[in-house]
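Visitor: Let's see this in three dimensions:
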Amino acid sequence: MLILCLSVAAGLSVAVPLFRWLMRAAADPLPEAASMRGRTVIVTGANSGIGRAAAAGLARLQARVILACRDQEAAAQAARDIRQQAGGAGELLVRRLDLASLSSVRSFCQRIIQEEPRLDVLINNAGIFQCPYMKTEDGFEMQFGVNHLGHFLLTNLLLDLLKRSAPSRIVVVSSKLYKYGEINFDDLNSEKSYNKSFGYSRSKLANILFTHELAKQLEGTGVTANVLHPGIVRTNLGRHINIPLLGLPVFKMVSWAFFKTPEQGAQTSLYLATSPEVKEVSGKYFGDCKQEELLPKAMDDAVAKKLWDMSERMVGLI
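Guide: Numbers count the residues shown, from 1 in each chain. Sure thing, here's the model as predicted:
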């Protein structure tokens, strides 16, 4: 094991400088980031990782940022840290949101609608990654329930407020792993079979199909909806992955060397939330602040509409 680690370390000493230069090039300061003074933004899962980095970036741009999180203690600490780092810029509020509970989503949205006169940006960032088979409070498979259905209900309940605040934006965080996902309408809840990797990929494909249909429905409203992949980022999202104890040193070295930092991973979310360059762009897929192509299965109008209709029934919108 020692020899393996030394070999990996030697290889990294050569590869890391080049790779980090490339990573910096892909995560330069936001092009033409607009001041967000007077604008309100919701970021789900903002207590850690990409969501926290996005919230910090928005605070530096003077936004009013609502950290929508299940863990209130962690969210409050994140808000304190961001305030200190941002030198008091912007405004940070913590609100409870558990995407594994439809009643929590409804309560959160009711409070937002009562308290907030406007909503300029909604960033659907929170997610769960490759967990063992579990169910949400409402009986949905956890990854599909949190990553797709929770955000589906959240977005729909806040749409009227977003429309009244137009021009406004919806930003959805997906993943390149959508490529390995399939929408099986006969087993959306994975009760017939379950694979945690494919389950995650399916939920990320659902994010893209949701955004595809949402953008069509929002045409002419002044509200845009775009989806992104952040790249491979060093966050706690992989807490459900079982790595052999002997392999941990190698994994830690590789992740330190080659994975993006949360700040780098948040760049495309911030770009889509703030940049004038994309103020009229909707229904597109981005990576590293650039539009990218999708596989045909992620742009299938019929599948997107059927998924939308089934999701409406599953969350009780119809």
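
Visitor: Please count neighbours and contacts with C-alpha atoms only from this point.
Guide: Will do.

Visitor: hang on, isn't Val173 packed against Leu228?
Guide: Yes - counting by Cα atoms under 8 Å, Leu228 is a contact partner of Val173 at 5.2 Å.

Visitor: which residues do these two both contact?
Guide: Ser269 (Cα atoms under 8 Å, 6 or more residues apart in numbering).

Visitor: all strands for this protein, in order.
Guide: Along the chain, counting by DSSP state E, strands occupy 40-44, 64-69, 91-96, 121-124, 168-173, 223-228, 285-287, 290-292.

Visitor: Can you tell me which helices and strands the third one packs against?
Guide: Judged by 3 or more Cα pairs under 8 Å, 6 or more residues apart in numbering; DSSP states H and E, strand 91-96 is in contact with strand 64-69, helix 72-86, helix 102-115.

Visitor: show me what contacts Trp70?
Guide: Small correction: residue 70 is Arg, not Trp. Gly45, Arg96, Leu97, Asp98, Leu99.

Visitor: and the fourth one, what pLDDT?
Guide: In other words, Asp98. Here, the pLDDT recorded for Asp98 equals 98.

Visitor: now the nearest residue to it once chain neighbours are set aside: how far from Glu116?
Guide: Among residues not flanking Asp98 along the chain, Arg70 sits closest, at 4.7 Å (Cα to Cα, 6 or more residues apart in numbering). Using Cα to Cα, to the nearest Å, one obtains 20 Å as the distance from Arg70 to Glu116.

Visitor: and what of Val173?
Guide: Counting by Cα to Cα, the gap from Val173 to Glu116 is 24 Å.

Visitor: what about these two, which has more around it?
Guide: The neighbour count for Val173 versus Glu116, taken as other Cα atoms under 10 Å, is higher for Val173 (25 against 10).

Visitor: Could you report the distance from the more buried one to Val227?
Guide: Distance from Val173 to Val227, by Cα to Cα: 6 Å.

Visitor: Where does the prediction get shaky in the stretch 1-150 of the chain?
Guide: Within the stretch 1-150 of the chain, the stretches with pLDDT under 70 are 1-33.

Visitor: change it to 80
Guide: 1-34, 88-89 (pLDDT under 80).

Visitor: what's the answer for the stretch 151-300 of the chain, then?
Guide: Low-confidence segments of the stretch 151-300 of the chain, defined by pLDDT under 80: 233-259.

Visitor: list the contacts for Gly45?
Guide: By Cα under 8 Å, 6+ apart, the neighbours of Gly45 are Gly51, Arg52, Leu67, Ala68, Cys69, Arg70, Asn125, Ala126, Gly127.

Visitor: Mind putting those into JSON lines with distance to Pro262?
Guide: Listed next are the contacts of Gly45 as JSON lines, based on distance: Cα to Cα, whole Å:
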{"residue": "Gly51", "distance to Pro262": "8"}
{"residue": "Arg52", "distance to Pro262": "8"}
{"residue": "Leu67", "distance to Pro262": "16"}
{"residue": "Ala68", "distance to Pro262": "18"}
{"residue": "Cys69", "distance to Pro262": "17"}
{"residue": "Arg70", "distance to Pro262": "19"}
{"residue": "Asn125", "distance to Pro262": "12"}
{"residue": "Ala126", "distance to Pro262": "13"}
{"residue": "Gly127", "distance to Pro262": "14"}
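
Visitor: Out of those residues, which comes closest to Gly265?
Guide: The closest of the contacts of Gly45 to Gly265 turns out to be Gly51 (Cα to Cα; 9.3 Å).
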